[in-house]
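Chemist: Sequence below, structure please.
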Amino acid sequence: MAVDTAVDHGAEAAGPGSNIHPMDQFIVTPLFGEGEVAWYTLTNVTLWMAITVLCIFALLVLGTRGRAIVPTRTQSVAELAYGFVYKMVEDVTGREGLKYFPYIMTLFMFIVFANFLGLLPMAFTTTSHIAVTAVLALAVFITVTVIGFVKNGSAFLGLFWVSSAPLALRPVLAIIELISYFVRPVSHSIRLAGNLMAGHAVIKVFAGFAISAVIAPLSILAITAVYGLEVLVAFIQAYVFTILTCVYLKDALHPHH
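Modeler: The predicted structure follows:
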């Protein structure tokens, strides 16, 4: 009891921000009832992933069904997104990579919508979870590797052999290239989840300090600034994930250094 009382008094003395739990917003909870979360349990992650898919469907399918010569606002946004990703794929991978455009377009739209939906009040940011981003990154890694071997056969291994380097250095560089290749899905997934999680945690911390009348104005100003930054991060991280996918695809199509 004495320890608990000391902790309570310490928390009160530390101020209003001492009871903030910024990581609570990332807890996966069942939609119905309570208890442990199994692989088949409908959770808040499931809900917001479904909402993400529905929003993409509404934009790209329902928003463009009229195919008007003078496009509506929704059709204009859909065409802008289509053209943006198409140009990215063409510029990075070349014309040969355009056959994989539907897959890359799907990746980009899912990530960008999940990121932006996560900025809504009471929403859940699915891309802040490594379990989600790791699946996306592993899918890219496996797809690119399979394409590399199907297209080039054993010549795909030339990706790890730096023929332009001195012969004595090539074995060392081959080991480095091999490690770098298998680290790709790790960095690919952690970069996206880490950036989204960090930004949302910072917003929650500043929001916790807003309960104090003295520092509330500064806290609200900080929240506004970080929120504006997170809007940029939501798009930039989707762009980075997508363009790295294009770079990896280019390596698979043209593996020789």
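Chemist: C-alpha only now, for contacts and for neighbours.
Modeler: OK.
Chemist: can you count the residues close to Gly97?
Modeler: 17 (other C-alpha atoms under 10 Å).
Chemist: Against Phe141, how distant is it?
Modeler: 16 Å (C-alpha to C-alpha, to the nearest Å).
Chemist: Let me see the contact set for the residue nearest the centre of the chain.
Modeler: Centroid-nearest residue in the chain: Leu192, 3.9 Å away (criterion: C-alpha atoms, centre = their mean). For Leu192, the contact set (C-alpha atoms under 8 Å, 6 or more residues apart in numbering) comprises Thr127, Ser128, Thr133, Gln237, Ala238, Phe241.
Chemist: How about Ala252?
Modeler: Val144, Thr145, Ile147, Gly148, Phe149, Lys151, Phe156.
Chemist: Let's verify it: helix, strand, or coil?
Modeler: helix (DSSP: H, G, I helix; E, B strand; the rest coil).
Chemist: where does it sit relative to Lys99, distance-wise?
Modeler: For Ala252, the distance to Lys99 - C-alpha to C-alpha - is 14 Å.
Chemist: Also Leu196?
Modeler: In terms of C-alpha to C-alpha, Leu196 sits 30 Å off from Lys99.
Chemist: hmm, who's touching stretch 212-229?
Modeler: Pro16, Gly199, Val202, Ile203, Phe206, Ala207, Phe209, Ala210.
Chemist: Tell me the pLDDT of the residue nearest to Ala210 when sequence neighbours are not counted.
Modeler: Excluding the flanking residues, the one nearest Ala210 by C-alpha to C-alpha, 6 or more residues apart in numbering is Ala216, at 4.2 Å. Ala216 carries a pLDDT value of 81.
Chemist: Quick one: neighbours of Ala216, just the number.
Modeler: Neighbour count of Ala216, defined by other C-alpha under 10 Å: 16.
Chemist: and the two most separated of the contacts of Leu192?
Modeler: By the measure C-alpha to C-alpha, Ser128 and Phe241 form the most distant pair in the contacts of Leu192, at 13.6 Å.
Chemist: just to revisit the earlier point, biggest separation within the contacts of stretch 212-229, which pair?
Modeler: Pro16 and Gly199 (20.7 Å).
Chemist: Fine by me, we can end here.
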